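**Student:** sequence unknown, structure follows:
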């Protein structure tokens, strides 16, 4: 299977998580601070090589009704450029609840989320990746997938 990378996309900050070698459990979270899309792609390409990532999943911003959110076009362009630069599969994954769930988790830890944006992005990346891995595992056992 190989490692899978999950990305919570932002214009200046990206939450990144990488699975274990079997592609079952999300972990190794980090936040990348970038000034441009090209810088983000360059940093991700480096991580892909260092960590032997075979697939990337990028959180796709849908509204609660399932329609594409305002940043959807930028995410699609980013995912396409990322796939081309890294030469591996890049999938979009419904992230409707990942940021809200990350904020809820931080609040449960009694943290001030305004000062914890980086941690919110970190947690969101892990949630995006783990939901993708869980669904993929379920699909391999006969379930269905939930792509964006």
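**Tutor:** Structure's in. What do you need? Quick caveat, the model's predicted, so the values are computed rather than measured. Numbering: from 1, shown residues only.

**Student:** how about the strands of the chain, start to end?
**Tutor:** Residue ranges of the strands in the chain, as given by DSSP state E, are 3-8, 13-19, 26-33, 53-60, 89-94.

**Student:** Do me a favour and average the pLDDT over the first one.
**Tutor:** By that I understand strand 3-8. For strand 3-8, the mean per-residue pLDDT is 97.

**Student:** now the longest helix seen in the chain, how far from the centre of its chain.
**Tutor:** In the chain, assigned by DSSP state H, the helix with the most residues is helix 117-140. Per C-alpha atoms, centre = their mean, to the nearest Å, the displacement of helix 117-140 from the mean C-alpha position of its chain is 7 Å.

**Student:** buried set for that helix?
**Tutor:** Neighbour-count burial for helix 117-140, with 16 or more other C-beta atoms under 10 Å as criterion, is recorded at 117, 119-133, 135-136. C-betas here are computed from N, CA, C, even on glycine.

**Student:** again with stretch 52-61
**Tutor:** Buried residues in stretch 52-61, counted by 16+ other C-beta under 10 Å: 53, 54, 55, 56, 57, 58, 59, 60, 61.

**Student:** Surely the last one and residue 95 touch.
**Tutor:** Spelled out, it's residue 61. Yes. Applying C-beta atoms under 8 Å, one finds residue 61 in contact with residue 95, separated by 6.1 Å.

**Student:** pretty sure residue 128 contacts residue 5?
**Tutor:** No. At 10.2 Å, residue 128 does not count as touching residue 5 under the criterion of C-beta under 8 Å.

**Student:** Show the pLDDT at the closest residue to residue 120 other than its chain neighbours.
**Tutor:** With sequence-adjacent residues excluded and distances taken as C-beta to C-beta, 6 or more residues apart in numbering, residue 120 is closest to residue 102, at 4.6 Å. Per-residue confidence for residue 102 comes out at a pLDDT of 70.

**Student:** so what's residue 102 up against?
**Tutor:** For residue 102, the contact set (C-beta atoms under 8 Å, 6 or more residues apart in numbering) comprises 119, 120, 121, 122, 123, 124, 127.

**Student:** report the angle between the axes of the lowest-mean-pLDDT helix or strand in the chain and helix 117-140?
**Tutor:** Ranked by mean pLDDT, DSSP states H and E, the helix or strand of the chain with the weakest confidence is helix 98-108, at a mean of 70. Interaxial angle of helix 98-108 relative to helix 117-140 (axes from the mean of the first three to the mean of the last three C-alpha atoms, to 10 degrees): 120 degrees.
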